[in-house]
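>>> Provide a 3D model corresponding to the input given below.
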Amino acid sequence: MTPDDLHTMIAELLVPDRGDDYCLNGVQLAGRPIQRAAFAVTATSDTISAALAAGADAVVVHHGVNWSGSQPAILPDSPIWLATQAELSVLAYHLPLDRDPVIGNSVGLLAAIGLAEPVEIPATGGLGFGARYAEPIAGDDWLDRLDQLTSEPVFVAGPMPDHVSSVATVTGAGARYAEPSFANGYDVFLTGELPLSTATYADRVRRPVVAIGHTTSELYGIEALRAAVAERSEIDTVLIPSTDSGLMRPHRPSIYRDSEPAG
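Numbers count the residues shown, from 1 in each chain. Modelled structure (predicted):
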């Protein structure tokens, strides 16, 4: 299978040309023929190295290596350099994987917390989906469910309700869509990152915005895409684990782990 063949298959699933995006969706780097494809959230140098160690000929990601549409600089040991040296193809699908109502990130995250029958939320550009539980869940128990999804910290802005009956989500950096989600009657807005502007908004309106990490919130779409490709083709597929902490780490982790509040 060529990189273009793999893109054609994925394009039939995700319709990458539907809606605007600010990165190149599809084949970003074309390499050798593909017998095994790795799938990961982000094309980091560690991801590329892991894909090569797994014997992959291509890596399919949500966050690629080309965000402007022009050829970026190739620096030693960067993801592009590593992939180019090994003739590894890189294919990326950004907002198309967020928007998809079947295998997309938002619907996958909702399923992971026990919600079915997601519906698109108006005024979110097709990115937001929400769903309702058959029976309400105690707020603390619902947060415990999130803790089980990730080893990363879970952040909460605004007061949690005693019970959670409905959840809206836009994964990744989708916090700006909290307002239309609350306007459509959802109890909690779930996302990946929590910027200060959204945290102060949640405090003002006394509604909960919960963030579980950009990468954690977007694990489910890429895994669903991997499964769909495996079902439709004869190439081998492998999932590369992804975490935010693989990219970002505290300068002195012991300070945050061992220190006690002053006073």
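
>>> pLDDT weak spots in the stretch 151-263 of the chain?
251-263 (pLDDT under 70).

>>> wait, doesn't residue 39 sit right on residue 61?
Yes: contact criterion Cβ atoms under 8 Å: residue 39 and residue 61 qualify, at 7.4 Å. Bear in mind the C-beta positions are built from the backbone N, C-alpha and C, glycine included.

>>> who touches both of these two?
Applying Cβ atoms under 8 Å, 6 or more residues apart in numbering, one finds that residue 39 and residue 61 are jointly contacted by residue 222.

>>> any chance you could map the strands in the stretch 151-263 of the chain?
Under the criterion DSSP state E, counting those that start in this stretch, the stretch 151-263 of the chain contains strands at 155-157, 163-169, 188-191, 209-211, 236-239.

>>> looking at these, which is closest to residue 131?
Between residue 131 and the strands of the stretch 151-263 of the chain, the shortest gap by Cβ to Cβ is with strand 163-169, which sits at 6.5 Å.

>>> may I have that closest one exported as PDB, CA atoms only?
Output in PDB follows, covering the C-alpha atoms of strand 163-169 (Å, rounded to 0.1, in the frame of the first residue of the first chain):
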ATOM      1  CA  HIS A 163     -25.000  14.800  40.500                       C
ATOM      2  CA  VAL A 164     -24.000  14.700  36.900                       C
ATOM      3  CA  SER A 165     -26.800  13.900  34.400                       C
ATOM      4  CA  SER A 166     -25.200  15.100  31.200                       C
ATOM      5  CA  VAL A 167     -21.800  15.900  29.700                       C
ATOM      6  CA  ALA A 168     -20.600  18.000  26.800                       C
ATOM      7  CA  THR A 169     -17.100  17.800  25.300                       C
END
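
>>> what does it rub up against?
By Cβ under 8 Å, 6+ apart, strand 163-169 touches 106, 109-110, 113, 115, 121, 128-133, 136-139, 142, 177, 181-182, 184-191, 217.

>>> separate out the buried members of those residues.
Among the contacts of strand 163-169, those classed as buried by 16 or more other Cβ atoms under 10 Å are 106, 109-110, 113, 115, 121, 128-133, 137, 139, 142, 177, 181-182, 184, 186-191, 217.
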